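>>> Would you be able to build a 3D model of this:
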Amino acid sequence: MSSIQAIRGTRDILPEEVGYWQRVEAVAREIFGRAAYREIRTPIFEQTDLFERGVGEATDIVSKEMYTFVDRGDRSLTLRPENTAGAVRAYIEHHLYAQGGVQRLWYLGPMFRYERPQAGRQRQFHQVGVEVLGSADPRADAEVIAIATDLLKTLGLKDLRLEFNSIGDRGDRQQYREALVNYLTPYKQDLDADSQDRLMRNPLRILDSKDAKTQTILQDAPSILDHLNPESQQRFERVQQLLTELGIPYNVNPKLVRGLDYYTHTVFEIQSDDLGSQATVCAGGRYDGLVTELGGPDTPAVGWASGLERLILLLQQLSSPSAAPLDFYLVSKGDRAEAQALKLAQLLRQQGFSVELDLSGSAFGKQFKRADRSGAIACLILGDAEAESQTVQLKWLASGQQEALMQAELLTQADQLHQQLTAARKEG
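Modelled structure (predicted):
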């Protein structure tokens with residue numbers, strides 16, 4: 001019988017890798033908390049209509065990539081392909097706008113898209129993101145970009161660049177759409193197949209094409225920046241000014257439009273050359289019309305999301321995962337000693353120590369070898385003699401120094417032990 005394996009496009013995150021994930025999550029919570037962002041957790045699946053209306057039926061996500069199914073209640077449901085629409089749905093449903101002021105939200109969790117799996121891109125993937133709802137101020141745009149920059153720099157990522165653009169308001173975008181279609185239509189047969197399909201459905205996505213011939217055609221295409229109204233242009237210049245004042249370098253990229261229908265004005269991506277063709281590690285922008293589109297009050301908003309798989313790839317290139325430090329490795333042999341070892345391990349854990357209890361039952365020699373490989377600061381040893389006398393042997397693994405202690409004494413000297421462990425860890 002063949003073994004059951006993970007579904008293509010999904011992957012197990014094994015213990016050796018989890019340290020990277022925990023680090024990203026911990027840093028994200030710290031950065032967001034400092035800026036008064038509050039966590040929101042939304043369902044993994046939603047009504048399909050939420051994404052059709054919010055993300056846009058003409059987008060590749062909705063037309064090609066969603067995991068959609070009909071449940072027993074004959075309702076069309078979809079595993080979330082992104083989380084902005086879900087966060088906005090929650091904002092409307094729970095009347096968060098009635099609380100007054102700006103709502104700063106952040107989220108972290110799995111998303112689902114039916115794409116060709118590749119490095120840093122899976123069909124089940126994870127995103128961390130922020131949403132600021134209720135502010136039209138250009139400072140909100142600059143703030144979310146600054147927070148993304150803080151997150152990536154705190155994680156230790158380097159060689160990053162901010163690609164930045166404005167797609168104006170919906171009127172600007174519609175005028176540009178018409179100008180772009182008029183320019184590209186005579187070249188339709190020379191465009192790649194995906195771009196031909198997008199020409200009438202979602203022509204702005206053609207600007208994202210990786211096809212060399214299509215990019216050659218686009219070299220003389222009209223620019224969105226030539227179709228901004230005076231107010232949109234002023235906003236664009238103000239955000240640039242704020243980024244400059246914050247010391248955040250950027251590159252204005254007129255071909256950056258983002259693929260989701262809900263974007264207006266500011267759009268941006270933070271990219272890394274270390275990821276090959278999949279260079280984007282964070283992307284977002286302003287979406288002033290989405291709340292209204294989904295049935296809520298007129299609410300300006302801006303946000304971004306970052307794919308954790310891509311962040312982890314970059315972190316793995318920089319350093320080894322930071323495993324939780326282990327204080328004690330506890331070895332034991334003999335029925336009475338093994339029972340005492342289990343109790344002692346649990347009592348030490350309750351005192352705040354990290355303890356790994358060897359459960360192999362193998363000879364002391366093999367257990368000692370595992371203790372040496374464990375990364376623990378010290379080894380605790382319980383045999384028949386120690387069980388009889390209610391003692392334990394404490395061996396400092398770096399120096400080899402060993403001493404006998406009463407088990408009760410070990411527990412009553414917790415503060416002193418913590419200090420000794422801290423000092424030994426620094427020396428190591």
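>>> was I right about residue 133 contacting residue 97?
Yes: in this structure residue 133 lies within contact range of residue 97 using Cβ atoms under 8 Å: 7.4 Å. Placement of C-beta: from N, CA and C, glycine included.
>>> Stretch 384-404 - what's its average pLDDT?
For stretch 384-404, mean pLDDT is 93.
>>> Give me the residues contacting it.
329, 333-334, 336-337, 340, 344, 371-372, 376-382, 405-408, 410, 424, 427-428 (Cβ atoms under 8 Å, 6 or more residues apart in numbering).
>>> What subset of those is buried?
Judged by neighbour count, with 16 or more other Cβ atoms under 10 Å as the criterion, the buried members of the contacts of stretch 384-404 are 329, 333-334, 337, 340, 344, 371, 376-382, 405, 407, 410, 424.
>>> Find the residues that touch each one of residue 133 and residue 97.
With Cβ under 8 Å, 6+ apart as the test, residue 133 and residue 97 both reach 91, 103, 291, 299.
>>> In which helix or strand does the third one reside?
It stands for residue 291. helix 290-293 (DSSP states H and E).
>>> Helices of the stretch 251-400 of the chain, residue ranges please.
290-293, 308-318, 335-350, 364-374, 384-389 (DSSP state H, counting those that start in this stretch).
>>> again, but for the stretch 1-150 of the chain
15-34, 48-51, 60, 84-93, 138-154.
>>> Of these, which is nearest residue 360?
helix 15-34 (18.1 Å; Cβ to Cβ).
>>> The helices of the stretch 1-150 of the chain: lowest mean pLDDT?
Going by mean pLDDT, the lowest-scoring of these is helix 60, which has a mean of 70.
>>> quick revisit: and of the helices of the stretch 251-400 of the chain, who's closest to residue 279?
The nearest among the helices of the stretch 251-400 of the chain, by Cβ to Cβ, is helix 308-318 at 9.0 Å.
>>> and the angle for the closest one with helix 138-154?
40 degrees (axes from the mean of the first three to the mean of the last three Cα atoms, to 10 degrees).
>>> so helix 308-318 versus helix 15-34, what angle?
Using the same axes, to 10 degrees: helix 308-318 against helix 15-34 is 110 degrees.
>>> Helix 308-318 packs against which elements?
Judged by 3 or more Cβ pairs under 8 Å, 6 or more residues apart in numbering; DSSP states H and E, helix 308-318 is in contact with helix 15-34, strand 124-133, strand 280-286.
>>> how about 10 Å then?
With contacts taken as 3 or more Cβ pairs under 10 Å, 6 or more residues apart in numbering; DSSP states H and E, helix 308-318 sits against helix 15-34, strand 103-112, strand 124-133, helix 138-154, strand 264-272, strand 280-286.
>>> Only alpha carbons, please: show the first one as CSV.
Think helix 15-34. Taking Å, rounded to 0.1, in the frame of the first residue of the first chain, the C-alpha atoms of helix 15-34 are listed here in CSV:
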residue,chain,number,x,y,z
PRO,A,15,10.4,21.4,14.0
GLU,A,16,13.9,22.3,12.6
GLU,A,17,12.2,25.2,10.6
VAL,A,18,9.6,26.3,13.1
GLY,A,19,12.2,28.6,14.8
TYR,A,20,12.2,30.9,11.8
TRP,A,21,8.4,31.1,11.8
GLN,A,22,8.3,31.8,15.6
ARG,A,23,10.8,34.6,15.1
VAL,A,24,8.8,36.3,12.4
GLU,A,25,5.6,36.0,14.4
ALA,A,26,7.3,37.4,17.5
VAL,A,27,8.9,40.3,15.8
ALA,A,28,5.6,41.1,14.0
ARG,A,29,3.7,41.2,17.2
GLU,A,30,6.3,43.5,18.7
ILE,A,31,6.4,45.9,15.8
PHE,A,32,2.7,46.1,15.4
GLY,A,33,2.1,46.5,19.1
ARG,A,34,4.4,49.5,19.3
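>>> Okay, buried residues for it please.
For helix 15-34, the neighbour count (16+ other Cβ under 10 Å) marks 19, 20, 21, 23, 24, 27, 28, 31, 32 as buried.
>>> how about the helices and strands packed on helix 308-318 in TSV, adding distance to residue 364?
TSV is the format used below for those (distance: least, Cβ to Cβ, whole Å):
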stretch	distance to residue 364
helix 15-34	26
strand 103-112	44
strand 124-133	43
helix 138-154	44
strand 264-272	49
strand 280-286	49
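>>> Which among the ones you listed is found nearest to residue 221?
strand 264-272 (17.1 Å).
>>> want to throw the helices of the stretch 251-400 of the chain into a markdown table with distance to residue 72?
A markdown table is the format used below for the helices of the stretch 251-400 of the chain (distance: least, Cβ to Cβ, whole Å):
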| stretch | distance to residue 72 |
| --- | --- |
| helix 290-293 | 29 |
| helix 308-318 | 32 |
| helix 335-350 | 45 |
| helix 364-374 | 49 |
| helix 384-389 | 58 |
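>>> Out of these, the one nearest residue 191 is which?
Checking the helices of the stretch 251-400 of the chain against residue 191 by Cβ to Cβ gives helix 308-318 as the closest, at 28.4 Å.
>>> residues of the closest one that come out buried?
308, 309, 310, 311, 312, 313, 314, 315.
>>> ditto for stretch 367-376
Result for stretch 367-376 [16+ other Cβ under 10 Å]: buried residues 367, 368, 370, 371, 376.
>>> Repeat that for stretch 388-401.
For stretch 388-401, burial by neighbour count (16+ other Cβ under 10 Å) applies to 391, 392, 393, 394, 395, 397.
>>> Check stretch 67-86 too.
Within stretch 67-86, the residues that count as buried by 16+ other Cβ under 10 Å are 77, 78, 79, 80, 81, 82, 83, 84, 85, 86.
>>> what's the span of it, first residue to last?
15 Å (Cα to Cα, to the nearest Å).
>>> on that earlier part again, in JSON lines: the buried residues of stretch 367-376, plus distance to residue 213 and pLDDT.
Shown next, in JSON lines, are those (distance: Cβ to Cβ, whole Å; pLDDT from 0 to 100):
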{"residue": "367", "distance to residue 213": "65", "pLDDT": "95"}
{"residue": "368", "distance to residue 213": "66", "pLDDT": "94"}
{"residue": "370", "distance to residue 213": "60", "pLDDT": "95"}
{"residue": "371", "distance to residue 213": "62", "pLDDT": "94"}
{"residue": "376", "distance to residue 213": "60", "pLDDT": "93"}
